[in-house]
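>>> Need coordinates for the below:
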Amino acid sequence: MTPPPTQPGDRRGGLLGTLAVVGVALLSIICCAGPVLLASGALAGLGGVLVSPWLLAPAAVLMAGALAWWLRRRTGNGDACCPPATRTDPHEGDLLRKH
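Below you'll find the model as predicted:
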């Protein structure tokens with residue numbers, strides 16, 4: 001048996017055509033929905049981390065320590081507690097004069 005003759009309007013791409021259509025569809029899905037899928041995965045992971053008290057307690061202590069250090073450094077007056085530094089290098093003045 002011979003296959004029937006193909007007509008000019010008969011477009012059968014076979015397996016390659018089907019894979020091309022599926023590939024284009026997947027590419028558009030990944031392009032458009034990829035960032036949303038990544039963000040939702042990251043938020044799901046963050047939600048899982050935030051439920052765990054074993055991870056929340058050290059994070060809170062670390063954040064409180066960083067805030068206390070920042071506030072102390074910001075409000076402290078460094079000039080009032082320390083005298084001006086003295087020069088210990090006798091040649092430092094010579095270098096400045098040469099330029």
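>>> Now the phi/psi pair for Arg74, please.
phi -70, psi -40 (degrees, to the nearest 10).
>>> For it, report the pLDDT, please.
Looking at Arg74, its pLDDT is 72.
>>> Also the one 10 residues further on?
The predicted structure scores Pro84 at 63 on the pLDDT scale.
>>> again with the one 10 residues further on
With respect to pLDDT, Asp94 has a value of 56.
>>> How about Val36?
Note for Val36: predicted pLDDT of 83.
>>> Equivalent analysis for Arg87, please.
64.
>>> Leu27 too?
87.
>>> measure it to Gly47 for me?
Relative to Gly47, Leu27 is positioned 30 Å away (Cβ to Cβ, to the nearest Å). C-beta here means a position set from N, CA and C on the backbone, and glycine is covered the same way.
>>> tell me which element Ile30 falls in.
Using DSSP states H and E, Ile30 falls within helix 14-51.
>>> buried stuff in stretch 32-50?
Using 16 or more other Cβ atoms under 10 Å as the burial criterion, none of the residues of stretch 32-50 qualify.
>>> Mind exporting the C-alpha coordinates of it to CSV?
The C-alpha coordinates for stretch 32-50 follow below in CSV (Å, rounded to 0.1, in the frame of the first residue of the first chain):
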residue,chain,number,x,y,z
CYS,A,32,6.9,34.8,31.4
ALA,A,33,6.2,32.6,34.4
GLY,A,34,9.8,31.8,35.3
PRO,A,35,10.3,34.9,37.5
VAL,A,36,7.0,34.4,39.2
LEU,A,37,7.8,30.7,39.9
LEU,A,38,11.2,31.6,41.3
ALA,A,39,9.8,34.3,43.5
SER,A,40,7.0,32.0,44.8
GLY,A,41,9.6,29.3,45.6
ALA,A,42,11.8,31.8,47.4
LEU,A,43,8.8,33.0,49.4
ALA,A,44,7.8,29.5,50.3
GLY,A,45,11.3,28.7,51.5
LEU,A,46,11.4,31.9,53.5
GLY,A,47,8.1,31.1,55.0
GLY,A,48,9.4,27.7,56.0
VAL,A,49,12.4,29.3,57.6
LEU,A,50,10.4,31.9,59.5
